[in-house]
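Enquirer: Everything below, folded, please.
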Amino acid sequence: MDLGIKEKVYLVSGGSEGIGAAISTLLLKEGAKLCIATRATSVITEEFVELVDPDRSSVLISYGDLQDTENCQQAVLKTIEKFGKIDGIVNNAGVNDKVGLEAGPQAFRESIKLNLFHTYDLVHYALPYLKTSNATIVNIASKVAVTGQGMTSGYAAAKGGVLALTREWAVDLAGYGIRVNAILPAEVMTPMYRKWLESCDDPSDTEKKILNKIPFENRMTTAEEIASMVAFLLSNKSGHTTGQWMHVDGGYVHLDRMIT
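Expert: Numbering: from 1, shown residues only. This next block holds a predicted model:
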């Protein structure tokens, strides 16, 4: 299926690792052009870009911690300078930092800053360009925002904010032909997830217990499956879909756990 995103220009935050890398890779395969906004080390990012776009004709890297709003603005300006337009934004950057109630007010505020503010900032700075291109926005949220997880107040609140912004922007931007949707991953195997598993006392047993809770096929969602939903939501094949929260999770959130 031709998704119709060839030559489209997308800004992807956190687009060189984990789910973000899968998103970037698929969009490039579909012929899109990207600005990857990342705070990841240059070694990780340069190796990734060398693999997916060795001549740098389709990928621009904007380095910098997106907690600094100036880095968000620079990512937008660099995208316009190189490609001349922005057809969409994928707000993917974020990390479950396990900031719970006992962590304290300052840690909570820092967690919100880490996981939410850049979502607003990137769209704010890109808005004049998004309005001219019938753009699409896809926000990567988390099942934690609707189920809770325990001991991660900051991340839960931030991702809940992402969901709220998705609905708010879908209303706010509909008049400009801009669609806004969110994806809520649950259990997705990424290098960061694998690192966490390996830190457990019994990684194999922990992974088995997690898999047993996932109704469909008792397996984790792949990063590529998240990326496929992102590409679909960015494309005109989902041209009448906006303000939606898409659960790509093997039924983790909504199916009766009795079936497991």
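
Enquirer: Spit out the contact partners of the residue nearest to the spatial centre of the chain.
Expert: Against the mean C-alpha coordinate of the chain, by Cα atoms, centre = their mean, the closest residue is Asn92 at 2.1 Å. The contact partners of Asn92, taken as Cβ atoms under 8 Å, 6 or more residues apart in numbering, are Val12, Ser13, Gly14, Gly15, Ile19, Gly20, Ile23, Ile140. Every C-beta, even on glycine, is put in place using the N, C-alpha and C of the backbone.

Enquirer: how many neighbours does the nearest residue to Trp245 once chain neighbours are set aside have?
Expert: What sits nearest to Trp245 in space, not counting adjacent residues and going by Cβ to Cβ, 6 or more residues apart in numbering, is Ala182, at 4.9 Å. Ala182 sits with 26 neighbouring residues when counted by other Cβ atoms under 10 Å.

Enquirer: try Gly20
Expert: By the criterion of other Cβ under 10 Å, Gly20 has 28 neighbours.

Enquirer: In what element of secondary structure is it found?
Expert: Element membership for Gly20, per DSSP states H and E: helix 18-29.

Enquirer: Which helix or strand lies directly C-terminal to that helix?
Expert: Trace forward from helix 18-29 with DSSP H and E and the next one is strand 33-38.

Enquirer: now the angle from that next one to helix 18-29?
Expert: Strand 33-38 runs at 160 degrees relative to helix 18-29, counting by axes from the mean of the first three to the mean of the last three Cα atoms, to 10 degrees.

Enquirer: if you average pLDDT over the following helix or strand past strand 33-38, what comes out?
Expert: Counting by DSSP H and E, the element after strand 33-38 in chain order, helix or strand, is helix 42-52. Averaging pLDDT along helix 42-52 gives 91.

Enquirer: Over to stretch 18-37?
Expert: Mean predicted confidence for stretch 18-37 is 98.

Enquirer: Relative to the whole chain's centre, how far out is that stretch?
Expert: 11 Å (Cα atoms, centre = their mean, to the nearest Å).

Enquirer: Quick one: end-to-end distance for that stretch.
Expert: With Cα to Cα, to the nearest Å applied, stretch 18-37 spans 14 Å between its terminal residues.

Enquirer: and if you look at stretch 28-43?
Expert: OK, stretch 28-43 end separation, Cα to Cα: 20 Å.

Enquirer: Stretch 142-157 too?
Expert: OK, stretch 142-157 end separation, Cα to Cα: 11 Å.

Enquirer: Same check on stretch 185-195?
Expert: Termini of stretch 185-195 sit 18 Å apart (Cα to Cα).

Enquirer: Flag every buried residue along that stretch.
Expert: For stretch 185-195, the neighbour count (16 or more other Cβ atoms under 10 Å) marks Pro185, Ala186, Glu187, Val188, Met189, Thr190, Tyr193 as buried.

Enquirer: my guess is the first one meets Ile19, correct?
Expert: Yes - with contact defined as Cβ atoms under 8 Å, Pro185 counts as touching Ile19 (6.9 Å).

Enquirer: what sits in contact with each of these two?
Expert: Overlap of the contact sets of Pro185 and Ile19 (by Cβ under 8 Å, 6+ apart) consists of Ile140, Ile226.

Enquirer: ok, and for whatever helix or strand Met229 lives in, which residues are buried?
Expert: Assigned by DSSP H and E, Met229 belongs to helix 223-234. Buried positions in helix 223-234, judged by neighbour count with 16+ other Cβ under 10 Å: Ala223, Glu225, Ile226, Ala227, Ser228, Met229, Val230, Ala231, Phe232, Leu233, Leu234.

Enquirer: Closest one of these to Glu81?
Expert: Of all the buried residues of helix 223-234, the one sitting nearest Glu81 is Leu234; the distance, using Cβ to Cβ, is 22.0 Å.
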